[in-house]
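Engineer: following is a predicted model, sequence given first.
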Amino acid sequence: MPGLVNGHSHAAMTLLRGVADDLALMDWLNNYIFPAEVEFVDAEFVRIGTELACWEMIRGGTTTFVDMYYYPDVIAEVVEDCGLRAYVSATVIDQRSPDAENASDSLVKGAGFVERWQGRSSRITPIYGPHANYTLNAEQLAATRAAANRYGAPISIHMSESPFEVQYSKDTYGMTSIELLESIGFLDGPTIGAHVVWPTDREIPILAERKVGVIHNPTSNMKIASGIAPVTAMLAAGVRVGLGTDGAASNNDLDMWEEMRLASFLQKVEQMNPEVLSASTVLTMATRGGAAAIGLEGEVGELRPGLRADLIQVAFDDVHHVPLYDVVSHLVYVTDEQDVASVVVDGRLLMREGNLLTLDTDRVAAEARELAGRIKAALEERNQ
Ligand SMILES: [Zn+2]
C-alpha cells in the first residue's frame, strides 16, 4: 500500500516524550515545553531527536512527514540521510527560541533555511513554519506569506488549535483565528493548518475555498484536551483533511495507525453515530487525502504509475490479525507500528522485513538514552 503521510510533527520532540503529561496546552507550552526547549534544545538534541523520530516513522510505515522545529538544517540533513520524504520548516516565534540569541534573530531563521534548501534534495521541501497567531503578530504573519510566495513555498502553521487561541485572536484583532488569517492575506498561497479544532461555520467554507490543507491530530487534541475538530463537517464542505501525530511530547508516539483509529472513534462518539468517518475514509486521510492536504497529490499517497515509489508492506501474520475478513478494517482497526514489514521511499528500501537499513538503531537508541539522562538529571536538580 502507499506509505503514510504524517501532516504535522515536531520530530525532535521525541526526546521530550513523557517529560510533562496531563497538562492544558498553554500551561504545557509556557511552563514546561518552551522553557525546556530553551534550556536543552541545541543542534545535537535536534539531530538525535529527529533520528529517533525517523526511526519510529520508518518502523511504522510513515514515508512523508511535515515537520516544524528548531535547527531546520539539522532536521533536513537527518531526513536526507535516512531516506524519508519531508517538508521541513523552522518554528518561528516572536520570543527567544532555542536556536536564536534573541527574538528578532529567531524571526529571520526561517527565511535563510528555505533559501539554503530550495532545490537541494528531491525528497526535502523547505517550507515556512510560523508557529501560531499568538506567538507572532499579524504583521509578521503577513510578511511570512509574502516571503513564502517569493519562493513558492508552502506554510505550515498551528491554526485554531485551542479556545485560548481563538479568544486571543478575538481580543487582539476582533476576529476569530481563520478570519484573521484570511483578512491579512495569509491564505493567499499553499497553507497547511495544523489542528483546526475550532473553526466557525463561517470559517469552514474559507478553508475549502482557499484549499487550506487541514491536519487533524486526534491524539494530541485529546491528550491536551484542545477539543474535537469538526472533521466530518470539514470533509463535507470539501476541505482537504489529512492526519498528523503532532510532537511526541503531546502524543506520546508517532503512530499513524493509532491516529487513524482515534480519528474515526472520536468523530463517532462525538456525533453518537458509528457510521461517520469510516475505516476507508480515515485510511484515505492518512494516504491520498494527506498528500492532497499538503500539496503532494499526484506525487505520493497512491500506488499508480507515474507517482513516486513511496510504499510499504504490512504483515498480517501476527495473532491480532487472525482471522482476516476485510483488509481495510484490519489496516485501520487492528494494525500498529510493529506490523509494518518493509518500507520504500523514492524507490529505495529503508526497511526490509523489520530491519532498518538507513539508520543505526542501536546507536540512535544509545544516544537518545544518554541525552535524555542528562535532561532528566538537570530537571531533577532544578526541581529540588
Ligand atoms: Zn504542533
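Structural biologist: The structure has been received and is ready for your questions.
Engineer: show me where pLDDT drops low in this protein?
Structural biologist: The model of the chain has pLDDT under 70 over residues 103-104, 106-110.
Engineer: wait, I215 sits on V239?
Structural biologist: No: the criterion here is C-beta atoms under 8 Å, and I215 misses it with V239 at 11.1 Å. (Glycine included, C-beta is placed from N, CA and C.)
Engineer: ok, longest helix in this protein?
Structural biologist: Using DSSP state H, we find that the single longest helix of the chain is helix 361-382.
Engineer: ok now it, how far from the chain's centre?
Structural biologist: 24 Å (C-alpha atoms, centre = their mean, to the nearest Å).
Engineer: same question for stretch 352-372.
Structural biologist: The answer for stretch 352-372 is 21 Å, by C-alpha atoms, centre = their mean.
Engineer: how about that stretch as CSV, C-alpha atoms only?
Structural biologist: The C-alpha trace of stretch 352-372 is given here as CSV (Å, rounded to 0.1, in the frame of the first residue of the first chain):
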residue,chain,number,x,y,z
ARG,A,352,13.3,-4.7,4.9
GLU,A,353,11.4,-7.4,7.0
GLY,A,354,11.6,-5.2,10.1
ASN,A,355,15.3,-4.3,9.7
LEU,A,356,16.1,-0.7,9.3
LEU,A,357,18.7,-0.2,6.6
THR,A,358,19.4,3.6,6.7
LEU,A,359,19.6,4.2,10.5
ASP,A,360,21.9,2.5,13.0
THR,A,361,19.1,1.9,15.6
ASP,A,362,21.5,0.8,18.4
ARG,A,363,23.5,4.0,18.1
VAL,A,364,20.3,6.2,17.9
ALA,A,365,18.8,4.5,20.9
ALA,A,366,22.0,4.8,22.9
GLU,A,367,22.5,8.5,22.1
ALA,A,368,18.8,9.2,22.9
ARG,A,369,19.0,7.5,26.2
GLU,A,370,22.3,9.2,27.1
LEU,A,371,20.9,12.7,26.2
ALA,A,372,17.6,12.1,27.9
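Engineer: and that stretch, which residues are buried?
Structural biologist: L356, T358, L359, V364, E367, A368, L371, A372 (16 or more other C-beta atoms under 10 Å).
Engineer: now the two most distant members of the residues you listed.
Structural biologist: Across the buried residues of stretch 352-372, the longest distance by C-beta to C-beta is 22.7 Å; it joins T358 and A372.
Engineer: picking that back up, so for I215 and V239, which residue has more residues nearby?
Structural biologist: I215 (31 against 25; other C-beta atoms under 10 Å).
Engineer: my guess is that one is in a helix, correct?
Structural biologist: No: read with DSSP: H, G, I helix; E, B strand; the rest coil, I215 is strand and lies in no helix.
Engineer: what sits against the residue nearest to it when sequence neighbours are not counted?
Structural biologist: Sequence neighbours aside, G7 is the residue nearest to I215 in space, at 3.6 Å (criterion: C-beta to C-beta, 6 or more residues apart in numbering). Applying C-beta atoms under 8 Å, 6 or more residues apart in numbering, we find G7 in contact with F65, V66, I192, A194, G213, I215, G242, L243, G244, G290, A293, I294.
Engineer: from those, which ones fall inside helices?
Structural biologist: Those of these lying in helices (DSSP H): G290, A293, I294.
Engineer: verify the stated contact: the last one with G242.
Structural biologist: To tie it back to what came earlier, the one meant is I294. Yes: at 6.6 Å, I294 counts as touching G242 under the criterion of C-beta under 8 Å.
Engineer: touching both of these two, which residues are there?
Structural biologist: V5, G7, G213, I215.
Engineer: number of nearby residues for the first one?
Structural biologist: By the measure other C-beta under 10 Å, the count of residues near V5 is 30.
Engineer: so it bridges to which residues?
Structural biologist: On the basis of DSSP bridges, V5 is bridged to T64.
Engineer: just the last one next, same as before
Structural biologist: Residues in a beta bridge with I215, per DSSP bridges, are A194, G242.
Engineer: and which of the shared contacts of I294 and G242 is nearest R150?
Structural biologist: Once C-beta to C-beta is applied, the member of the shared contacts of I294 and G242 that ends up nearest R150 is G213, at 20.5 Å.
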